[in-house]
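>>> Here is my input, please return the structure:
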Amino acid sequence: MSTEENAKANAAQDSDSNRKPRRRRRSRKPRTGDAQPRQARQQKQHDASGRWTPAQFQVPPADGKKRFHDFNLPDVLMHAIADQGFQYCTPIQAETIEPALAGRDIIGKAQTGTGKTAAFLIGIITDLLDFPIEGQRKLAEPRALIIAPTRELALQIAADAEGLCRYAGLSVVSLVGGMDYDRQRKELARGPVDILVATPGRLIDFVRGNEVDLFHVEVLVLDEADRMLSMGFIPDVRTIIRQTPRKGPERQTLLYSATFTDDILRLAQQWTVDPVRIEIESEHKTTDNVSQKVFLVSSSEKYRLLINYLHKNGIERAIVFCNRRHETRKLAERLERDGLRAALMSGEIPQNKRLKTLEDFRSGKIQVLVATDVAGRGIHIDGVTHVINYQLPEDPDDYVHRIGRTGRAGATGTSICFACEDDSFMIPQIEEETGVKLECIHPEPELLEAPLRQAASTEAKPEGEAAATEPEQNAPQPAESAAASAADAQAAPEAAVSDAENPADDAESDKVAPADDAAPEVGGDEQEPATDQAASQTTSEAPTEPVVDEAVADEADSAQDAPVPAADVPDHGAAQDSAETAESDDAAAEKASDEKSGSEKLS
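You can find the predicted model right below:
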């Protein structure tokens with residue numbers, strides 16, 4: 001061997017010796033053999049100390065149902081489950097907890113509101129308790145990582161995790177955009193992190209700043225994976241996964257979503273090894289606990305129908321969905337002027353105010369929450385009796401997630417749609433997507449009368465001024481109607497691109513540059529699926545005109561809070577500059593959208 005070849009071999013050997021050693025995942029021990037002795041020991045200890053025991057949580061066996069008692073879960077976790085009021089497992093929980101406890105990779109599909117979050121959290125918490133880390137642990141090295149596409153969903157998962165970890169002594173930290181960066185850094189510095197819940201953009205900020213180390217992640221969860229694909233987050237997710245241990249014996253991977261496309265299933269195959277595929281869904285995609293009805297009205301009648309319907313039925317907690325930000329803003333303001341306790345939930349609202357709004361809605365201080373689809377995924381608010389689609393969604397899949405905000409976990413709910421000349425063509429597509437024949441009816445005449453307050457103010461004014469009080473949503477005058485309708489039909493595709501919440505385009509203003517080549521590949525999965533490339537290419541080739549997507553733009557709104565990283569961090573400076581201007585870009589996009597939609601009838 002020549003001197004040059006010897007030098008290369010020595011250099012390669014030195015490089016291997018300096019490489020960070022891989023943590024091999026501990027093989028799972030059988031949990032059945034010592035199940036009863038462990039429960040007996042714990043019960044005796046708790047009885048002697050006067051603390052909570054499983055005997056205080058009695059759930060009788062039931063045919064066709066699984067109890068949490070049947071999985072031999074730790075007592076501290078059972079205590080938290082009892083506090084939550086859970087008794088029997090939902091179908092997705094019954095099917096996924098057992099393989100999760102066995103360390104298997106899982107691809108789970110179920111309807112929204114069926115308990116997916118508790119399904120993977122119970123498996124994670126049990127795993128962390130059964131296999132504790134011996135010796136001193138470093139800070140900011142989570143053992144479980146949960147990635148969610150939106151801030152609200154990530155914070156909801158973190159809150160659920162804290163509830164289930166109440167007696168387990170495990171720490172939960174959330175990293176999301178829109179929250180103070182320094183405060184999140186301090187949360188990481190308080191002590192070892194067991195469960196980290198994050199959105200992709202903010203997590204990449206911390207990883208690239210060497211403030212979070214994902215090398216010791218034992219369990220990886222991707223929630224709402226289809227939403228992350230539609231938002232264009234897959235390159236970011238791949239960058240994150242490459243910072244974790246390799247799939248297989250070193251990392252357990254679980255993917256959950258209400259819907260799975262073929263693209264998502266192909267991605268799942270790249271990130272999992274011999275996964276257990278579980279699909280829990282009824283014949284219909286929408287829950288049977290929600291009654292669905294469509295009111296056929298004109299666009300000028302929608303507001304009167306809405307306010308009269310709310311008053312007549314005494315509705316105290318409802319979510320009203322619109323497709324665009326400016327429409328939700330105007331509708332919320334008008335409802336407030338008419339005496340309803342209404343509030344706005346959209347991407348233009350600062351994160352701290354959005355959290356306060358959701359809390360007020362939960363407590364009953366807010367009666368009507370007017371929202372875009374940012375609130376349509378993963379937000380679980382108990383007691384929502386009605387979901388009203390003031391405008392039919394432009395994507396039938398969004399309809400499924402909208403009405404999933406009511407009728408959750410066995411409760412009943414009502415879904416109402418207002419279909420007019422502008423969006424009634426979506427009804428067949430929604431019926432095809434859900435497998436449900438929607439009941440289309442005309443509202444009762446009294447529901448279309450002018451509200452009392454509005455009628456009184458109209459009668460008190462001269463005829464000329466009364467016309468000015470008509471709703472802004474009124475249709476054009478007859479002379480203009482035909483021309484306006486033709487113009488609307490011609491401009492519809494262009495308006496849908498410019499004013500709708502387009503995930504693919506708006507992801508560019510939110511995401512940190514993927515930097516796949518620059519990031520060190522300490523783990524993850526090497527293959528580059530063709531579907532990922534197509535998704536990334538679609539994102540990059542999207543129209544350059546500013547587009548407003550609630551959920552993606554939300555993540556970007558406050559990425560400006562992140563500190564500017566060191567100069568040697570690749571690609572991050574440009575991405576940070578983009579994040580810092582995201583909020584102003586959103587405002588410009590919204591203004592452009594409002595101007596462009598000025599010729600449209602606001603419904």
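>>> Low-confidence ranges, the stretch 51-200 of the chain, go.
Within the stretch 51-200 of the chain, the ranges that satisfy pLDDT under 70 run 111-113.
>>> Swap in 80 and give it another go.
Along the stretch 51-200 of the chain, segments meeting pLDDT under 80 span 51, 110-114.
>>> Helices of that one, residue ranges please.
In the stretch 51-200 of the chain, the helices defined using DSSP state H, counting those that start in this stretch lie at 75-84, 91-101, 116-130, 151-164, 181-189, 200-208.
>>> Kindly reformat those as a markdown table containing distance to residue 275 and mean neighbour count.
Using the backbone N, CA and C atoms, a C-beta is placed for each residue, glycine as well. Formatted as a markdown table, the helices of the stretch 51-200 of the chain follow (distance: least, CB to CB, whole Å; neighbours: other CB atoms under 10 Å):
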| stretch | distance to residue 275 | mean neighbour count |
| --- | --- | --- |
| helix 75-84 | 24 | 19 |
| helix 91-101 | 9 | 22 |
| helix 116-130 | 13 | 23 |
| helix 151-164 | 21 | 22 |
| helix 181-189 | 31 | 15 |
| helix 200-208 | 21 | 25 |
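>>> Residue 309 is in contact with residue 416, isn't it?
Yes: counting by CB atoms under 8 Å, residue 416 is a contact partner of residue 309 at 7.1 Å.
>>> Please convert the helices of the stretch 51-200 of the chain to CSV, extending it with distance to residue 323.
Shown next, in CSV, are these (distance: least, CB to CB, whole Å):
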stretch, distance to residue 323
helix 75-84, 35
helix 91-101, 30
helix 116-130, 26
helix 151-164, 18
helix 181-189, 32
helix 200-208, 24
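>>> and of those, who's closest to residue 54?
Minimum separation from residue 54 across those (CB to CB) falls at helix 75-84, 5.7 Å.
>>> Packing partners of the closest one?
With contacts defined as 3 or more CB pairs under 8 Å, 6 or more residues apart in numbering; DSSP states H and E, the packing partners of helix 75-84 are helix 35-49, helix 116-130, helix 151-164.
>>> Surely residue 265 is in contact with residue 107?
Yes: using CB under 8 Å, residue 265 is in contact with residue 107, at 7.1 Å.
>>> model confidence over stretch 391-399, on average?
Stretch 391-399 shows a mean pLDDT of 88.
>>> Would you work out how far apart the start and end of it are?
10 Å (CA to CA, to the nearest Å).
>>> So this structure: which segments form each domain?
Per automatic domain parsing, the domain ranges recorded for the chain read 36-95, 290-474.
>>> Looking at the ones you listed, which one is packed in the most?
Comparing those on average neighbours per residue, with mean count of other CB atoms under 10 Å, the densest one is domain 290-474 at a mean of 18.
>>> Tell me the helices and strands packed up against the host helix or strand of residue 254.
Using DSSP states H and E, residue 254 sits in strand 252-257. Strand 252-257 sits against helix 91-101, strand 106-110, helix 116-130, strand 219-223, helix 225-231, helix 262-271, with contacts defined as 3+ CB pairs under 8 Å, 6+ apart.
>>> Minimum distance to residue 76: which of those has it?
helix 116-130 (7.2 Å).
>>> who's in contact with the closest residue to residue 106 other than its chain neighbours?
Excluding its sequence neighbours, the residue lying closest to residue 106 (CB to CB, 6 or more residues apart in numbering) is residue 254, at 4.6 Å. If you count contacts by CB atoms under 8 Å, 6 or more residues apart in numbering, residue 254 has them with 96, 100, 105, 106, 108, 120, 123, 219, 220, 221, 222.
>>> What segments of the protein are strands?
Taking DSSP state E as the test, the strands found in the chain are 106-110, 144-147, 172-175, 195-198, 219-223, 252-257, 276-280, 290-296, 318-321, 342-345, 368-371, 386-389, 413-419, 439-441.
>>> any idea how far residue 312 is from residue 448?
In this structure, residue 312 and residue 448 are 12 Å apart, going by CB to CB, to the nearest Å.
>>> Using a markdown table, please lay out the helices and strands packed on strand 252-257 together with distance to residue 371.
Putting the helices and strands packed on strand 252-257 into a markdown table (distance: least, CB to CB, whole Å) gives the following:
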| stretch | distance to residue 371 |
| --- | --- |
| helix 91-101 | 25 |
| strand 106-110 | 23 |
| helix 116-130 | 20 |
| strand 219-223 | 20 |
| helix 225-231 | 16 |
| helix 262-271 | 25 |
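>>> Nearest to residue 84, out of the ones you listed?
helix 116-130 (8.1 Å).
>>> what angle separates that closest one from strand 106-110?
150 degrees (axes from the mean of the first three to the mean of the last three CA atoms, to 10 degrees).
>>> Mind giving me the packing neighbours of helix 116-130?
For helix 116-130, the packing partners by 3+ CB pairs under 8 Å, 6+ apart are helix 75-84, helix 91-101, strand 106-110, strand 144-147, helix 151-164, strand 195-198, strand 219-223, strand 252-257.
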